[in-house]
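S.K.: Just a sequence and a predicted model for now, questions to come.
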Protein chains: 4
Amino acid sequence: MAGSTIGTIFKVTTWGESHGKAIGAVIDGVPAGLKLTESDIQPYMDRRAPGRSLISTPRKESDTVEILSGVFEGMTTGCPISLMIRNTSQHSADYSAISEIYRPGHADYTFDRKYGFRDYRGGGRSSGRETAARVAAGAVALRILNFLGIDICSYTLSIGPVHIDKDKFDRSLISLSATCMPDPDADKEAVAYIEAMRDQTDSAGGVTETVIKGMPVGIGDPVFEKLSANLAKATMSIGGCKAVEFGDGINVSSSVGSENNDPFRMSDDKTVTKAANHSGGLLGGMSDGSDIIIRNYFKPTPSIYKTQHTVTRSGENTDINIAGRHDPVIVPRAVVVVESMCAITILDELMINMSSRLSYLSEFYGKPRCKNT
Amino acid sequence: MAGSTIGTIFKVTTWGESHGKAIGAVIDGVPAGLKLTESDIQPYMDRRAPGRSLISTPRKESDTVEILSGVFEGMTTGCPISLMIRNTSQHSADYSAISEIYRPGHADYTFDRKYGFRDYRGGGRSSGRETAARVAAGAVALRILNFLGIDICSYTLSIGPVHIDKDKFDRSLISLSATCMPDPDADKEAVAYIEAMRDQTDSAGGVTETVIKGMPVGIGDPVFEKLSANLAKATMSIGGCKAVEFGDGINVSSSVGSENNDPFRMSDDKTVTKAANHSGGLLGGMSDGSDIIIRNYFKPTPSIYKTQHTVTRSGENTDINIAGRHDPVIVPRAVVVVESMCAITILDELMINMSSRLSYLSEFYGKPRCKNT
Amino acid sequence: MAGSTIGTIFKVTTWGESHGKAIGAVIDGVPAGLKLTESDIQPYMDRRAPGRSLISTPRKESDTVEILSGVFEGMTTGCPISLMIRNTSQHSADYSAISEIYRPGHADYTFDRKYGFRDYRGGGRSSGRETAARVAAGAVALRILNFLGIDICSYTLSIGPVHIDKDKFDRSLISLSATCMPDPDADKEAVAYIEAMRDQTDSAGGVTETVIKGMPVGIGDPVFEKLSANLAKATMSIGGCKAVEFGDGINVSSSVGSENNDPFRMSDDKTVTKAANHSGGLLGGMSDGSDIIIRNYFKPTPSIYKTQHTVTRSGENTDINIAGRHDPVIVPRAVVVVESMCAITILDELMINMSSRLSYLSEFYGKPRCKNT
Amino acid sequence: MAGSTIGTIFKVTTWGESHGKAIGAVIDGVPAGLKLTESDIQPYMDRRAPGRSLISTPRKESDTVEILSGVFEGMTTGCPISLMIRNTSQHSADYSAISEIYRPGHADYTFDRKYGFRDYRGGGRSSGRETAARVAAGAVALRILNFLGIDICSYTLSIGPVHIDKDKFDRSLISLSATCMPDPDADKEAVAYIEAMRDQTDSAGGVTETVIKGMPVGIGDPVFEKLSANLAKATMSIGGCKAVEFGDGINVSSSVGSENNDPFRMSDDKTVTKAANHSGGLLGGMSDGSDIIIRNYFKPTPSIYKTQHTVTRSGENTDINIAGRHDPVIVPRAVVVVESMCAITILDELMINMSSRLSYLSEFYGKPRCKNT
C-alpha cells in the first residue's frame, strides 16, 4: 500500500502528486452538524501556500479548496468530506532534467527502488505539495477541536541558529511573519539568515513547537496507542522531519527524577494541577491536563542550487545542479502542517476515548435520543 | 480501547498487568515454517529481566516464557502464537500505600481519570513489566529478520552525563554489561553515576541507540506510513520515552542542505551507495539501504525514594515516599524493548511491501506452487 | 496473517488449536467498570461444550475459563482481558491416521496449500474448538449489551428437515434442549432425525436464527461498514456456515416492493414504529429499531464414519474412514457462537456510533468529569 | 465514522452523494506498473449506468470517470489513484417533497436518527449512485486479477419468478441484455415481468450469481478473515442485499454429510481436484481451487409509485406517493457492483497471503532486486 490513510474513527485519506491534475483529501468520520464552507478551510490553505514572502519560493499556487461531498446546506452530514485542490501552476518541463538522476536528500532513489519507476515531476507523491491535502483535512479537525475548547498553536521555534525569545512571544505574528516566528526580532534575524543561505546557494533547517491547551485528562491509550506515540507518528510522517520530542524531550536523558517529576498540587478551585510541566502534558502516554508540548526538527531543504555528486538511474556517477524554484527553508510552511497533523490525531483519540467507561456507554444509550422511542 | 495491538499483517497484541496472574502476547501473522521453541525466546527475556546487576532492582523475576499455540512439531504453523509469562514475584502489599495517592511522573492520575479507577499494584498495565510481552513478541520478529539478513542492534548510548566512546565499541558487551553499554569504560563510569544517584535517593535517564543493517531499499510507505513514522510510534510507545530521532536527528535543524544531503555514489561492485549517512538510512520515509539509526531518549525512573509533593485521589495535598524496589535507571532494560519494537515494525513493513509492484504479484501467483495444480 | 482479530474498538483476538496446550481470547477495548468474574463467563462456555446429550460427541471437555488480566477487585479496568481455556482431553493418537490424508469437507487441503503443512491434530486451528474462545469473549460483550438493555437470542431453527413451530416457542428450552430448539416437539423430532443420521454413519445440517431486541436506531454505518455487512462477516466466519440472511432474506428476491416495504406508523406513545418487519430491523445497513433477525445456514458435519474418496498429501487417490468422536450435527453447539459473534459486532458498532454527531462530542467533553478540573 | 473504507492493503475509500457535485473513490495500495487509462475503467461504468434500456430509469447519467492521481505516463505509480465522476443530471427539485417524510424501505429514518438530519436529495449517501464509485475501483481490481489469470463473472440469476436456464448460458449476453441475464429467453421473460410490475406501480427483486475462476488454493485466512466472510461482508454492503450464500448455500442445511462433502481426486495431470463443488470453492474459509460460487439476494426497489403509509419527521402519520424516475428492479445494475466488490476483496486477500510462509519472504527478499545492490 502507499500508506495514505491515517486515523481509526476520524480517518483522513490523501491523494495526489505535485504535478498531477489535483490533490485532495477524503475525511471519513466527521461528526454530523458542523457548519462548514470552503471559506472555513481556505485560511489554513493560505497559511501553507508559498509566495507569501521573499524567503519562500516565488511560485504562486492558488491552492483553492473545493468541498465535493459531505456537506449539505452548509452543515456536515456525517458522510465523507471530499476536498480537492486543483494544481494550477505546474511546469513539468522544469523537471525533465531530473528524471534520470537521483537528487540527494530526496526520495527519488527510494521511490524508484520500491515501485520500479516514479513520477519525477516535482517530487511526485513525496513532494511537500502533498501536505496541502493534510492541511485541508486538518482545518476541519481544528474547527471541531476549537468547538470543544481545545486550542492547538504551532509556530517556528528556530531556523538555523536563530531561536525565538519566549519573552517576546506574540501569537498574532505566527500567521503574519514570513518565518511563522512569534517573535519580531527573531523573525527579522531569521529572514536575514535565510537570505544569506540563499545567496550561498544553500538551505536551512529549523524547529517547530506546538502547544495544545485545554485537553481533557486521560486522552490516549496506555500501550501502543499512547497519545505521545500517535503524535510522534503523525508529525514524523511530514517530509523532512527527523526528530520529535515532548516536554523536556531529549533533555530528560540527562535530568534526574527529583527534577523531572512534576509534583501534583490542588489548585484554589479544588482541581488537580501540576507544579511543573516537564512531562509536556503526557503521563503514561495519556494527556495529564497540562499543555501538551511537542517539538519537531526539520532538515534543510534538500533542493539546493549548489552542484552535488550523485548517480543516474542507469548507475553512472554524475553531478547535479537543481534548477527551479525552491524554498530555502521548509519550516515556515511546515508549521500549519504540524498543527493539522496534531489536530487530526487528537480528535481521533477524543472519539475513541468516549467508550472507555461502562458508565459512559450506559449514560449515552440510556438517553431518550438514542432509544427507539 | 486500550490500544494493545500493533501492526497490520505481523500483528502483536499484549495483555497483562504488573501484579496480575500473568502477562502475555499474541502474535498473529507469523509466517509458517519458522523453527521456534521457548529456548529461542528466553534469551531475550533474560536480557530484559531485572536482577542482573547491582544497578537494577533486586527483585528476581524468572520471566519464563511459555508457547501456548501456533507451533507444531517445533515449527510455526501460520496461526497465532500465544506467549505467556507467569508473574511469580508480586508483593501486592508493597503497593497498598499508593492506592489513594498519585505518584508524580507516573500514570496513576491519568489512569484514574480515564477509567474511573485503576489497578494500583505496581503500576498495573502501565508498569514496565508490560514490556516483557513486547520482548517475547520481538524475539520472534528478530529471528525472522535475522533469517532475512537484517540485523538490529540496540544499546545504551548514554546514562545521565556518561556517553559511550564509539572508538571503543564492543558489541559483545551489550548483553554482558550492567548498563548495556558497548564501551567498558563508559559502563564503569555509568555504574558509578547510577550508584551515586541511588545514594542520593534519586534516579537517572539516558539514551538508547539502534542500528539496523541489511535493509532492502524502499521499505516503508511514502505518506502516513513512513518507516520513520512507524518506528517513531513504536519506540515512543515505550514507557518513559520522551524523544526520538533518526540519523543526525535534532542537529539537522541547524545544519545546511549542502552538508545534510548524502551524495550518492556508485560503489566498485556497481551498486548505489551514499557517501554519508546524515539521513539515518531513511529518505522520503523509506529505507535507503544505509544503516537505519534511531535514538530514543528516556526520562529518569519516576519512582524515587525522596519525599515528593503530590495529591490524593480525594483531592488533598500530601507528600509521598515511594517504598519498594525500583531501578534507578530504566535505560539498560529498555534496550531490548527498543530492539523488539523496531523488529516488529520492520517485519510488518517488509510484509506489506511485497505487493508494491504488479510484477511481484504476477511472479508470485504465476508460480506453480500457488496455482491450483 | 491468520486473521485472528475482529473489531475496531471492542477488539477480540483469539488463539489456539484443538490439541494444543490451551485456547484463548484477548479482548481489548472493554470499558472500565463492568463487574466480571469467571462465573459470569462459564455458563456460556457450558452452553457450547459438548457432552451435554446423546446427540453430541461423548468427549468431555471441561472448558474452564480463566481470567488472566484486565480485572481488578472484580471489576474490568479498561485494560485487555485475557481469557484462557486449557485443553484437557486431547488424544492426539486418534488423529495420526489423517496426517497424510485430506478429509473431504475439511480445511486440511487448503491449510496445507496455504502454509506448507498443518497441525493435523483434530483440525488444529480450523477446529470447532476455536469457537470456545469466541464464546468466552462473546460472554463479556453480551453482559455489556444486557446492561444497555439489548437482548440477543439465538436458537436452532431447523435441523435437516425438522423446523420449529414458532407457536410453540419457549425460550427457556434453548439452553435445556439437546438441539437448542425452543420447541419441545421439534426438539424430539430432531433428536430422532440425528440419531437416524448417526445410525446411517452420516451427519446433518441446520439453521440458527438470532433475534436482537432493544437496538437503538441508527447503529451501523452507511457504506462498507453496514451493520448487516458486519453481522454477515462475523457469523459467516463461523466454520461450516454457508449462507446468511436478514429479515425476509432470500425471499425478498421474489417479493414486490409494495409487500416488502415496511410502512412507518406513529405508535400511541408518539414513537415511530413499523407496521411490519420484512427488513429484519435494518434499513440502509443501519438498525431501524425493530428486531434484528438473522438466519445462518450450517452444513452437515464433514466428519462422517462412511468411507469417502479422497487423496493423500503426496498425491495418490485413496479412501478414508474417519474414526474418533464427532458431533453428527454442529448446529446446537453453533447457537451460542452465533450469539457471541453478533454481540461482539453490535457492541463495537455501538461504541463507534458515539461520535456520530458533533453535539454528542460537545456534550461529552463539556461535562465536568472530562475537563481538567 | 461513516464506514467508507474497505480493505487492508488494497484499500478503497468512496465518497459522494447522489446529488452533490461529484462522487469518487480513492484506491490506495494499487501495485505500481499497471497500464491504466480512463478508457480501461469506462466500460465498467457503462455497465452500471442507467438508461440502457426500457426497464431502467430514463435518467441519462454520463458517469464519465476521471483519473486525478496515481497514474504517470499511462502506468500506475503505486500511489493512491483518485477517481472522480461528476454528477451531471441532478434535479434536486424532484426530491424536496420527501425532505420531511420517511420513505418506507429507504434509509431516510435511520439516517435522520443517526446524524440528526440528512441530505434528502435522491437518497444522499445511501443512494445507489454511491456504487458507481465502487465500480470505478472494482474496474482497477478486475484488471489486476485478469492479469493474474483470475476471472470473475457476475450475472442476473433471477428476477422475481423468472430464473435463467443454465443450459442456455451465453456469457456475452450479460453485458448486452437489459436484465444482465446470460439466457436470452429468461431475459425476455424477465423484461415482460418487470414491465408488468411497472404497470402495477410496483417493483421487483432478484438474485445475482458470481463465479470466480482461476483462484490459487489457500487464499483467505482461517478465523475471522475467512475469504467467505469477507466476500459476504463486501457484497452484503451493497444497498438492498438481504442474503448471501456460497456453493450449495441455504440447501446445505437440509443436506447430509455424505452428499455435501466434495471428494478429492487426482486428475490426469497429477493435480488435486474435487469430484463435486458443493462447497462453492471454499473450505475452512479459504479458496480450495474450485470455482467460487456466490449468490446475492436483492430486495425490490423500495421507491414505488403506489401510495404508502408512513410518518413525517415531526411525528405525524401520513401517506406518500414517490414521484421521480426509479428503476423497477435494481438487480441488473447491481451485477457489476457485485463483481467489483468481489474483485476488491479477492485482490486484497491475494496481497495479504504473500507473506504466509517464511520461504516466500526469504525468496522475495533474497532476490537481487530487493537487496541494497
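M.R.: Yep, it's here.
S.K.: Which stretches in the stretch 1-150 of chain A count as strands?
M.R.: A:5-6, A:11-16, A:22-28, A:65-67, A:71-72, A:75-76, A:81-86 (DSSP state E, counting those that start in this stretch).
S.K.: I'd like to know which of the ones you listed is closest to chain B.
M.R.: Judged by CB to the nearest CB, the one of the strands of the stretch 1-150 of chain A that comes nearest to chain B is strand A:5-6, at 4.2 Å. C-beta: built from backbone N, CA, C; applies to glycine.
S.K.: Tell me how many other residues crowd residue A:192.
M.R.: The tally of other residues near residue A:192 (other CB atoms under 10 Å in any protein chain shown) stands at 12.
S.K.: Let's have the strands of the stretch 1-150 of chain A in JSON lines, adding mean pLDDT.
M.R.: Listed next are the strands of the stretch 1-150 of chain A as JSON lines, based on pLDDT from 0 to 100:
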{"stretch": "strand A:5-6", "mean pLDDT": "97"}
{"stretch": "strand A:11-16", "mean pLDDT": "98"}
{"stretch": "strand A:22-28", "mean pLDDT": "98"}
{"stretch": "strand A:65-67", "mean pLDDT": "97"}
{"stretch": "strand A:71-72", "mean pLDDT": "96"}
{"stretch": "strand A:75-76", "mean pLDDT": "97"}
{"stretch": "strand A:81-86", "mean pLDDT": "97"}
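S.K.: quick one, helices of chain A?
M.R.: Here chain A has its helices, by DSSP state H, at A:38-48, A:108-115, A:131-147, A:184-199, A:227-236, A:257-260, A:331-353, A:358-366.
S.K.: Please determine how far residue A:130 is located from residue A:323.
M.R.: Per CB to CB, to the nearest Å, residue A:130 is found 22 Å from residue A:323.
S.K.: Which residue of these two possesses the greater neighbour count?
M.R.: Counting neighbours by other CB under 10 Å for residue A:130 and for residue A:323 shows that residue A:130 has the greater number, 25 against 12.
S.K.: Quick one: residues contacting that one.
M.R.: A:14, A:16-18, A:23, A:239, B:223 (CB atoms under 8 Å, 6 or more residues apart in numbering or on different chains).
S.K.: Check residue A:218 too.
M.R.: Contacts of residue A:218 (CB under 8 Å, 6+ apart): A:286-287, A:353, A:356, B:110-111, B:113-115.
S.K.: Try it again at 7 Å.
M.R.: Listed by CB atoms under 7 Å, 6 or more residues apart in numbering or on different chains, the contact set of residue A:218 reads A:286-287, A:353, B:110, B:113-114.
S.K.: would a markdown table of those with neighbour count, pLDDT and distance to residue A:272 be doable?
M.R.: Compiled in a markdown table, the contacts of residue A:218 are given as follows (neighbours: other CB atoms under 10 Å in any protein chain shown; pLDDT from 0 to 100; distance: CB to CB, whole Å):
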| residue | neighbour count | pLDDT | distance to residue A:272 |
| --- | --- | --- | --- |
| A:286 | 27 | 98 | 14 |
| A:287 | 28 | 98 | 13 |
| A:353 | 25 | 97 | 18 |
| B:110 | 27 | 97 | 11 |
| B:113 | 22 | 96 | 9 |
| B:114 | 26 | 97 | 14 |
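S.K.: Low-confidence stretches in the stretch 51-200 of chain A?
M.R.: A:51-61, A:89-94 (pLDDT under 70).
S.K.: Run through the residues of it sitting next to chain D.
M.R.: A:68-70, A:72, A:77-80, A:82, A:114-116, A:118-119, A:125 (CB under 7 Å from any CB of the partner chain).
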